[in-house]
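In: Model the following, please.
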Amino acid sequence: MPIHYHSSVDHPDYQYPEDRRKYAVVIGIGSYRSLPPAEFADRDARDIRNHLIALGYPPRHIWLLVNSNATKEDMTNVLEHWLPEKTGPDSEIFFYFAGHGSPGIHSQKSYLIPWNSNPENLEVSVFSTERLAQDLNRLSARRIFVVLDSCFSGAGGRSFLPKGARPLVIKVAAPAFGSRVTFLAAASADQITTVNEKAGHGTFTYYLLKGLNREKGQVTVRRLFGYLKPKVEDAAQLQNRIQTPNLFNPGNGRF
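Out: The predicted structure follows:
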């Protein structure tokens with residue numbers, strides 16, 4: 001019998017009017033075709049969508065890709081066709097991914113793993129964060145937010161190790177996002193992400209949503225990060241893990 005999780009962060013405690021300038025791509029892959037699960041990642045994505053709607057993102061402007069709908073082809077279509085066609089210079093874009101990440105075997109590249117990735121030939125069937133950065137940097141939007149609740153260590157959590165790779169010698173470089181992109185990562189490149197089993201969420205996403213509820217959605221990314229970072233670090237320590245969220249180019253923007 002399936003377990004039904006309930007958490008205080010599942011539903012927003014606030015609601016703002018729709019803003020036609022806002023667009024979002026939300027991806028969560030908890031169950032993969034050929035890889036181990038990324039626990040609660042699909043649930044994370046659905047609740048991120050709920051909060052984005054409360055923040056004023058029109059539902060018709062949010063493209064949600066969950067589990068088998070989050071193939072490499074789906075990701076390519078939404079990032080390289082739908083977003084460029086729909087958005088313009090006054091747009092604000094939010095990109096969220098929860099699921100497995102992977103380090104490269106022969107390079108410092110990092111990858112997001114779609115639902116249909118082939119574990120026997122991983123680097124061919126994944127979506128690189130370098131490509132993600134290129135796709136987003138090409139957009140004319142005035143502000144872009146990227147949030148990744150995955151990890152790239154290859155050592156567990158929301159990460160998967162390519163065949164032939166050695167996790168102890170892997171080094172992953174941060175994606176080269178442009179100056180308009182604010183980037184939040186759930187953990188440092190060599191770390192393992194954790195989950196909140198009781199709430200049914202990734203630890204990072206749980207405190208991201210909890211922080212939004214705490215501030216009724218009216219909080220800068222910098223201040224929100226200042227709240228969630230020590231919360232995630234403390235929660236990970238209770239699991240005998242080290243997880244340090246990272247924030248790049250925060251500015252003074254709000255989601």
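In: mind listing what V147 touches?
Out: I48, F94, F95, Y96, F97, F183, L184, L208 (Cβ atoms under 8 Å, 6 or more residues apart in numbering). Where you see a C-beta, it was placed from the backbone N, CA and C, and this is true even at glycine.
In: Next step: those restricted to strands.
Out: F94, F95, Y96, F97, F183, L184 (DSSP state E).
In: can you tell me which residues contact the last one?
Out: Think L184. F145, V146, V147, L148, L208, V221, F225, P245, N246, L247, F248 are the contacts of L184 under Cβ under 8 Å, 6+ apart.
In: isn't the fifth one right up against V221?
Out: This points to L208. No. L208 is not in contact with V221 according to Cβ atoms under 8 Å; the separation is 10.1 Å.
In: Most widely separated two among the contacts of V147?
Out: Farthest pair in the contacts of V147 (Cβ to Cβ) is I48 and F183. Separation: 15.7 Å.
In: quick one, strands of this structure?
Out: Counting by DSSP E, the strands of the chain are 22-28, 62-66, 92-98, 101-103, 110-112, 127-128, 143-149, 181-185, 195-196, 201-202, 246-248.
In: now for the second one, which elements pack on it?
Out: Yep, that's strand 62-66 we're talking about. strand 22-28, helix 41-54 (3 or more Cβ pairs under 8 Å, 6 or more residues apart in numbering; DSSP states H and E).
In: mind checking which of those is nearest K86?
Out: Going by Cβ to Cβ, the one of these nearest K86 is strand 22-28, 6.0 Å.
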